[in-house]
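need a 3D model of the following:
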Amino acid sequence: MTDTQDTAAETPRNPVFSAPEGTRTAADVVTPELVVQLTRGVVGSGSTANHTPFTGEKLADLPESTPEDVATAFERAREAQKAWAATPVRQRAAVLLRFHDLVLERQAEVLDLIQLETGKARLHAHEEVQAVAMAARHYGRKAPGYLRPKRHSGAVPALTKVTELRQPRGVIGQIAPWNYPFELSVGDALPAFAAGNAVVMKPDTETALTALWARDLLIEAGLPAGVWQVVVGEGPVVGPAVVERADYVSFTGSTRTGREVARSAAARLVGCSLELGGKNAMLVLHDADIEKAAAGAVRGCFSSAGQLCISIERLYVHESVADAFVERFAARTRAMRLGSALAYGADMGSLVSERQLETVTRHVQEAVEKGAKLVAGGRHRPDIGPLFYEPTILDGVEAPMAVCAEETFGPVVSIYRFSDEDDAVALANATPYGLNASVWTKDGRRGRAVAARLRTGTVNVNESYAAGYGSVQAPMGGMGDSGLGRRHGSEGILKYTEAQTVAHQRLMPLAPSFGMDDAQYAQFMTRSLRAMKIFRLR
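As a prediction, this is how the structure comes out:
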């Protein structure tokens, strides 16, 4: 037994949620017929497989793509994109609205797949259903407005008519991660489709069935099959092949890989959007509602077992309420039920891989060895499944403990006490990351003022992450090492377009005319420019 396990033995073990009688199993969900149906969309000449983190058992055999298969997928996508781009935008948007309804009607199917492929609890899987439905509804309603031609003032009023058009980029290369395989695959692809693009997507192999289910349903909603191509394979092999051929790249993943994607895209002079890592902070101010903050911390720290880019890993609590907050937060954390059932009831599921388990174990063990106190959790739970780890709270964490600055991406959070609000803001900002933050206070105006001082792409006041992410009319993304670009809102769809200015000059050219020589024309334009300023023309 390790030192960490010895320490964890002093804390209560998290209870286990048992599967209700009649709960579906992996064999019930992932049938040979379903695999054949979903993998029809994969361009692959090899063979690979994916597995469920709940047990480690194989779920399905999948086609594996080579760089040559990626080239074929792009050829098919380019051909299909021509007709799709010519389809009126309202017809494209209508596909998204039909997809919205189908997702809600058949959500049980994808919830089973999400759970089996990621190991997360069912309620956390349902967050993906909510997010995808919101994005489909938003772009289904708003895409025509976002993309409509816009009139602008021309160089010379009445003589220059200017229209801004939004042209699709062509074929989007999308590399989707394993942690939110429904939302971060089709959720990010929907605005690209609405803008008239095709997509070649590489999902993570271990969560490919969820993404393929989304593709199958979107085709049922009316998307031409050729517009969404899927390739499956090892990231270092298939990922670069996607980036090398794309007209624009959408990537969600680690900061290290994001830098490689950015360099490759820049070398080809194509754009990219990157949502990368985070070390997100939550600030509990002295006037916070402690019960609500404790409940919010459980959601913020342990949803999807902490394997969420915008989850909370650092908790800054005012010293006047710290003891009361920690007591309530720890009690809620210790009561969380762990389980692998394809049913509602478990409060947290499994980690997704041995790699994640190793990182979590290393961060917790090193912190305890260097003097941090284990308040809750800190225990691997192979009695439930090979990759289960209890939700863990650490107190007394200090640099240079790895958990202090490195992204854990697991169910681990560190508590830090503060006395001065300015210091708390400075500490929250003392990281190269800048993805998400959370502020808790009974004074909404004060909370928003503190939020504005935090250098992160989204800040939630009296919520952990869902309010910001779920507000799909507003942009979501990261600052610093947390990425480039935004999803959601106008930026989430316009990034998939090229702005084109069409300027129609009428009656006279922007050059000497009507017998004017160069000097007379220059004098005429000088008077005109002064007059335009006087009349407040823009």
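
right, and the helix or strand after the strand or helix carrying Asp188?
In this structure, Asp188 sits in helix 188-194 according to DSSP states H and E. Note on helix 188-194: by DSSP H and E, the next helix or strand toward the C-terminus is strand 198-202.

by contact count, what packs against that next one?
Counting contacts by 3 or more Cβ pairs under 8 Å, 6 or more residues apart in numbering; DSSP states H and E, strand 198-202 is packed against helix 67-86, strand 171-175, helix 188-194, strand 228-230, helix 235-245. Placement of C-beta: from N, CA and C, glycine included.

and Ser414, that's in a helix?
No: applying DSSP: H, G, I helix; E, B strand; the rest coil, one finds Ser414 to be strand, outside a helix.

what lies in contact with the helix or strand hosting Val261?
For Val261, the element it lies in under DSSP H and E is helix 255-267. Contact with helix 255-267 is made by 175, 235, 239-240, 243-244, 246, 249, 251, 271-272, 274, 276-277, 433, 481-484, as judged by Cβ atoms under 8 Å, 6 or more residues apart in numbering.

so what's Pro144 up against?
By Cβ under 8 Å, 6+ apart, the contact list for Pro144 reads 89-90, 93.

any idea which of those has the most stuff around it?
When the contacts of Pro144 are compared by neighbour count (other Cβ atoms under 10 Å), Ala93 ends up highest, at 22 neighbours.

for that residue, give me its contacts.
Residues counted as contacts of Ala93 (Cβ under 8 Å, 6+ apart) are 139-141, 143-144, 194.

which helix or strand lies directly C-terminal to the helix or strand where it lies?
Counting by DSSP H and E, the element that carries Ala93 is helix 89-105. With elements assigned by DSSP H and E, the helix or strand that comes after helix 89-105 is helix 107-118.

the next helix or strand after that following helix relative to helix 107-118, how many degrees between them?
Next along the chain after helix 107-118, taking DSSP H and E as the criterion, comes helix 122-147. Computed by axes from the mean of the first three to the mean of the last three Cα atoms, to 10 degrees, the angle separating helix 122-147 from helix 107-118 equals 110 degrees.

list the buried residues in helix 122-147.
By 16 or more other Cβ atoms under 10 Å, the buried positions in helix 122-147 come out as 122-140, 142-143, 146-147.

how many neighbouring residues does Arg381 have?
Residue neighbour count, defined by other Cβ under 10 Å, stands at 17 for Arg381.

is it true that it touches Tyr389?
Yes: Arg381 lies in contact with Tyr389 (Cβ atoms under 8 Å); the separation is 6.5 Å.

isn't Gly385 right up against Glu57?
No: with contact defined as Cβ under 8 Å, Gly385 does not reach Glu57; the gap is 10.6 Å.

quick one, which of the two is more surrounded?
The neighbour count for Gly385 versus Glu57, taken as other Cβ under 10 Å, is higher for Gly385 (19 against 11).

for that one, helix, strand, or coil?
What three-state DSSP gives for Gly385 is coil.

who touches it in this structure?
Gly385 touches 53-55, 119, 340, 350, counting by Cβ under 8 Å, 6+ apart.

got it, and Ala376?
Here Ala376 is in contact with 11, 330, 333-334, 390-393 (criterion: Cβ under 8 Å, 6+ apart).

any chance of the contacts of Pro144 in TSV, with distance to Phe535 too?
What follows is the contacts of Pro144, written out as TSV (distance: Cβ to Cβ, whole Å):
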residue	distance to Phe535
Val89	36
Arg90	38
Ala93	39
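
CA atoms of stretch 476-493 as PDB?
Extracted as PDB, the C-alpha positions of stretch 476-493 are listed here (Å, rounded to 0.1, in the frame of the first residue of the first chain):
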ATOM      1  CA  MET A 476     -16.700  30.700 -25.600                       C
ATOM      2  CA  GLY A 477     -12.900  30.000 -25.800                       C
ATOM      3  CA  GLY A 478      -9.600  30.600 -24.100                       C
ATOM      4  CA  MET A 479      -6.900  33.200 -23.600                       C
ATOM      5  CA  GLY A 480      -3.200  32.500 -23.300                       C
ATOM      6  CA  ASP A 481      -2.200  28.800 -23.500                       C
ATOM      7  CA  SER A 482      -5.900  27.900 -23.500                       C
ATOM      8  CA  GLY A 483      -6.200  28.500 -27.200                       C
ATOM      9  CA  LEU A 484      -7.300  30.600 -30.100                       C
ATOM     10  CA  GLY A 485     -10.700  31.500 -31.500                       C
ATOM     11  CA  ARG A 486     -14.100  31.000 -30.200                       C
ATOM     12  CA  ARG A 487     -17.000  28.600 -30.500                       C
ATOM     13  CA  HIS A 488     -20.700  29.700 -30.100                       C
ATOM     14  CA  GLY A 489     -22.300  33.000 -31.200                       C
ATOM     15  CA  SER A 490     -21.400  34.900 -34.300                       C
ATOM     16  CA  GLU A 491     -17.700  34.100 -33.900                       C
ATOM     17  CA  GLY A 492     -18.500  30.400 -33.800                       C
ATOM     18  CA  ILE A 493     -19.900  30.400 -37.300                       C
END
